[in-house]
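Engineer: Below are the sequence and a predicted model for it; my questions follow.
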Amino acid sequence: MRCTVFGTGYLGATHAACMAELGHEVLGVDIDPGKVAKLSSGEVPFYEPGLGEVLRRNIDAGRLHFTTSYSEAAEFADLHFLGVGTPQKKGEYAADLRHVHSVIDTLAPLLDRPAVIVGKSTVPVGTAADLGARARALAPAGDAVEVAWNPEFLREGFAVEDTLHPDRMVLGVDRQRPGRAESELRELYARLLGEDIPFLVTDLATAELVKVSANAFLATKISFINAISEVCEATGADVTQLADALGYDARIGRRFLNAGLGFGGGCLPKDIRAFMARAGELGANQALHFLREVDSINMRRRTRMVELAAQVCGGSLLGANVAVLGAAFKPESDDVRDSPALNVAGMMQLHGAVVSVYDPKALDNSRRLFPTLNYATSAVEACDNADAVLLLTEWAEFADLKPEDLNDVVRARVMVDGRNCLDAADWRTAGWVYRGLGRG
Ligand SMILES: NC(=O)c1ccc[n+]([C@@H]2O[C@H](COP(=O)([O-])OP(=O)(O)OC[C@H]3O[C@@H](n4cnc5c(N)ncnc54)[C@H](O)[C@@H]3O)[C@@H](O)[C@H]2O)c1
Ligand SMILES: O=c1ccn([C@@H]2O[C@H](COP(=O)(O)OP(=O)(O)O[C@H]3O[C@H](CO)[C@@H](O)[C@H](O)[C@H]3O)[C@@H](O)[C@H]2O)c(=O)[nH]1
């Protein structure tokens, strides 16, 4: 089959490459000519393990191309995926839909044949129905243009695996206008669905809500354990052991119960806020009130980390040398959108600390966002002469650090483990002050 994918960021580039991997002919479309040029030459413009191989294999096989031209895209296929960004609006909780609107407003006038537009971006409930009306009004093919929604659940760092082996597929269709979306997607995804993956067909609103509800649940689970960790810290209890014990209950499960610096990234924070904003517009403000608390527990982790850093530096950060290990919002990603680690690094600098940051993959993105921080080229370099070392993103190379790697590098043997990923006993035995965020 043939399809296009509008937006070639973390989601779109992965989706395009993986659809080609399934044997389809795919055209990725982006307004950023630099991104299109890189992808066309087989280079992934961001860090995503395994994506480069899939991209190059399919470019070489002639199944995968990229363009900035909407007319080329409209000509190329009648199945179009929409994967552009839906960031938080400046100064508001709501999602900024300008990019999805722009795709529809530019693409629809070019559709003079029946076409199916399938949204993959995360959008507020009601968006798909609005976009459908907008597309039908603008397209020469009119009512022969269908809009459906197939939300994406991939995780950065596992994007290829998650796309090719999803837990489930959800497709929202316009019940008022039965169309071809379901049959087109069943055919496109046939090789995936053959693996007995649940394929749930719903109305548009349900599909949109499944996505934001999933992220709200994950965010709630993380903030739950972080709230408990505040109590652990006050009592001297160990939140990691507590989470292990909770996790053995199959009804609870251990995943997403890692206490620490909390959630960040381009999805969970902005999605729970947009969900609250949309619920408010719909008159259901009370329903999602708890998400405010989820958000504030999460943000409190960051200020708590800064307080803890000041505490271990003798009460003030002024003039302290602080090493920050990790800048990406999570390991195996170079994404620094709403990164807790960088946020903490920035706050510590405002408190007068001299901050040296190291991250294995996210240094370029970090420099663009926080040009005034100091950046090191290795963990050891970042820790040079440090009064405290803060581990803020649990990259394996940090979790594997041993006290002897840093004993003679730092000025003071002080480790604050913001992700609870080190063995406290190892560090304490080697004469370090070890503090875990949310542990006694
Ligand atoms: N990143 C993830 O892991 C992930 C997972 C699931 C869902 N999502 C959702 O997917 C959407 C995209 O997220 P992302 O992380 O890939 O964002 P991103 O910022 O990495 O990528 C968006 C891309 O869209 C392009 N773009 C913007 N306007 C365009 C237009 N009019 N036409 C063509 N291209 C345009 C941008 O240049 C950019 O390359 C968001 O709604 C997000 O919530 C993301
Ligand atoms: O126990 C945990 C698990 C995660 N995190 C943090 O939570 C954030 C999000 O992690 P993760 O969910 O793995 O990353 P994303 O790539 O943002 O993926 C989420 O957001 C995507 C975009 O909507 C969805 O598609 C995914 O299903 C959903 O997991 C990161 O900052 C993690 O450090 C914790 O603090 N504790």
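Structural biologist: Right, received. Where do you want to start? Residues are numbered from 1 along each chain as shown. Ligands and ions are numbered 1, 2, ... in the order given.
Engineer: name the element the closest residue to residue 372 other than its chain neighbours belongs to?
Structural biologist: Setting aside the residues directly before and after it, residue 372 is nearest to residue 349 in space (C-beta to C-beta, 6 or more residues apart in numbering), at 6.8 Å. The C-beta positions use only the backbone N, C-alpha and C, and glycine is treated the same way. Assigned by DSSP states H and E, residue 349 falls within helix 340-350.
Engineer: Who are the packing partners of that helix?
Structural biologist: helix 289-312, strand 321-325, strand 354-358 (3 or more C-beta pairs under 8 Å, 6 or more residues apart in numbering; DSSP states H and E).
Engineer: mind checking how far stretch 78-98 is from the chain centre?
Structural biologist: 14 Å (C-alpha atoms, centre = their mean, to the nearest Å).
Engineer: what about it and ligand 2, touching?
Structural biologist: No. Shown here: stretch 78-98 not in contact with ligand 2 (C-beta under 6 Å from any ligand atom), separated by at least 9.9 Å.
Engineer: on that earlier part again, mind putting the helices and strands packed on helix 340-350 into TSV with mean pLDDT and distance to residue 87?
Structural biologist: Shown next, in TSV, are these (pLDDT from 0 to 100; distance: least, C-beta to C-beta, whole Å):
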stretch	mean pLDDT	distance to residue 87
helix 289-312	97	16
strand 321-325	98	25
strand 354-358	98	24
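Engineer: per-residue pLDDT, the residue found closest to residue 326 once you drop the neighbours it is linked to in the chain?
Structural biologist: Nearest non-adjacent residue to residue 326, counting by C-beta to C-beta, 6+ apart: residue 393, 2.5 Å away. Reported pLDDT at residue 393 in the predicted model: 98.
Engineer: How about residue 200, nearest residue that isn't a chain neighbour?
Structural biologist: Per C-beta to C-beta, 6+ apart, closest to residue 200 is residue 170, 5.0 Å.
Engineer: Which of the three states applies to the residue nearest to residue 326?
Structural biologist: Recorded secondary structure, residue 393: coil (DSSP: H, G, I helix; E, B strand; the rest coil).
Engineer: now do residue 26
Structural biologist: For residue 26, the secondary structure call by three-state DSSP comes out as strand.
Engineer: What of residue 3?
Structural biologist: With three-state DSSP as the basis, residue 3 sits in strand.
Engineer: Neighbours of it, how many?
Structural biologist: Counted with other C-beta atoms under 10 Å, residues neighbouring residue 3 total 25.
Engineer: Would you mark the buried spots in stretch 70-80?
Structural biologist: 70, 73, 74, 76, 77, 78, 79, 80 (16 or more other C-beta atoms under 10 Å).
Engineer: Next: stretch 127-147.
Structural biologist: Buried residues in stretch 127-147 (16+ other C-beta under 10 Å): 127-132, 134-136, 138-139, 141, 144-147.
Engineer: Then stretch 324-343?
Structural biologist: Result for stretch 324-343 [16+ other C-beta under 10 Å]: buried residues 324-343.
Engineer: starting at the chain centroid, how far to the helix or strand where residue 184 lies?
Structural biologist: Using DSSP H and E, residue 184 sits in helix 181-188. A distance of 27 Å separates the centroid of the chain from that of helix 181-188, by C-alpha atoms, centre = their mean.
Engineer: Which other helices and strands does it contact?
Structural biologist: With contacts defined as 3+ C-beta pairs under 8 Å, 6+ apart, helix 181-188 has these neighbours: strand 115-119, strand 145-149, strand 169-173.
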